[in-house]
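Colleague: just a sequence and a predicted model for now, questions to come.
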Amino acid sequence: MDTSVWLPYVQSYGYVMLFLFLFCGIVGIPAPEESLLFFVGVVVAKEQLLLWPTLASCWGGTMAGMLAAYGAGRWWGAPFVQKYGKYVGITGERWERARDWFRRYGKWGILFGCYAPGVRQICPYMAGVSRFPFRTFVLFATVGTAGWVVPLTLAGLLLGRHIHVPLISFPLAGLALFVLFLLAAWIGQRRRKKSFES
């Protein structure tokens, strides 16, 4: 999803849309979390949104998503997540990798998992399924989400204040990054295929 899709919503509905986009991104519904946070910082620099309400709504949406995913994992368990997870990008293979990863890292995954796409979506479900202590989960999720939301938003704010970035350029930048991502994925797949054949 590029900025041309969600920019009008953010401009029209502001903080509520920020909350909803980040909530959706955490529970697994595709949303551009990192680029959204960075872009929102630029919008704050252009004085179209206020800093503190922006940070609060972004953090609140992220935290609400973490709590909802934890609750789904805890109350409905692994069968629910495995059955319906495919609709939000949680495949069987991803689930197994995440389970192994969570067994090894546990609370550190909750604390730093926001920085890893895929991990931040699966980790709270995994914490709920494994009956990770709720208070500890809330503590680590609170610190982890704040440590993810605030720096990315402030980076966009600093860029927006010191460099003139026309808002119209964001969809083009998003498209360029998407093309680069596809190119890198194609090159990586070819290398893996060659190493497998040799």
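Modeller: Everything's here; your move. In this text, all values refer to a predicted model and were calculated from it rather than measured experimentally. Residues are numbered from 1 along each chain as shown.

Colleague: from here on, contacts and neighbour counts on C-alpha atoms
Modeller: Fine.

Colleague: show the subsequent helix or strand relative to the longest helix belonging to the chain.
Modeller: Looking across the chain with DSSP state H, the single longest helix is helix 51-84. Counting by DSSP states H and E, the next helix or strand C-terminal to helix 51-84 is helix 92-105.

Colleague: now that next one: buried residues?
Modeller: Trp95, Ala98, Arg99, Phe102 (16 or more other C-alpha atoms under 10 Å).

Colleague: picking up where we left off before, which other helices and strands contact the longest helix of the chain?
Modeller: With contacts defined as 3 or more C-alpha pairs under 8 Å, 6 or more residues apart in numbering; DSSP states H and E, helix 51-84 has these neighbours: helix 15-27, helix 33-45, helix 119-129, helix 134-162.

Colleague: now the ones you listed as JSON lines including mean pLDDT and distance to Tyr84?
Modeller: Shown next, in JSON lines, are the helices and strands packed on helix 51-84 (pLDDT from 0 to 100; distance: least, C-alpha to C-alpha, whole Å):
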{"stretch": "helix 15-27", "mean pLDDT": "89", "distance to Tyr84": "12"}
{"stretch": "helix 33-45", "mean pLDDT": "86", "distance to Tyr84": "22"}
{"stretch": "helix 119-129", "mean pLDDT": "86", "distance to Tyr84": "12"}
{"stretch": "helix 134-162", "mean pLDDT": "94", "distance to Tyr84": "23"}
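
Colleague: reformat those as CSV; add distance to Ala78.
Modeller: What follows is the helices and strands packed on helix 51-84, written out as CSV (distance: least, C-alpha to C-alpha, whole Å):
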stretch, distance to Ala78
helix 15-27, 15
helix 33-45, 25
helix 119-129, 6
helix 134-162, 17
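
Colleague: nearest to Leu183, out of those helices?
Modeller: Proximity to Leu183 (C-alpha to C-alpha) singles out helix 33-45 among the helices and strands packed on helix 51-84, at 19.2 Å.

Colleague: hang on, the earlier thing: quick one: buried residues of the longest helix of the chain?
Modeller: 51, 54-74, 77-78, 81.

Colleague: angle of that helix against helix 15-27?
Modeller: Interaxial angle of helix 51-84 relative to helix 15-27 (axes from the mean of the first three to the mean of the last three C-alpha atoms, to 10 degrees): 40 degrees.

Colleague: and the most centrally placed residue in the chain, what does it touch?
Modeller: Per C-alpha atoms, centre = their mean, the C-alpha nearest to the average position across the chain is that of Glu33, at 4.4 Å. By C-alpha atoms under 8 Å, 6 or more residues apart in numbering, Glu33 lies in contact with Phe21, Leu22, Gly25.

Colleague: out of the residues you listed, which is most surrounded?
Modeller: For the contacts of Glu33, the largest number of neighbours (other C-alpha atoms under 10 Å) sits with Leu22, at 29 neighbours.

Colleague: before we move on, back to that, of the contacts of Glu33, closest to Val119?
Modeller: Of those, the one sitting nearest to Val119 (C-alpha to C-alpha) turns out to be Gly25, at 11.7 Å.
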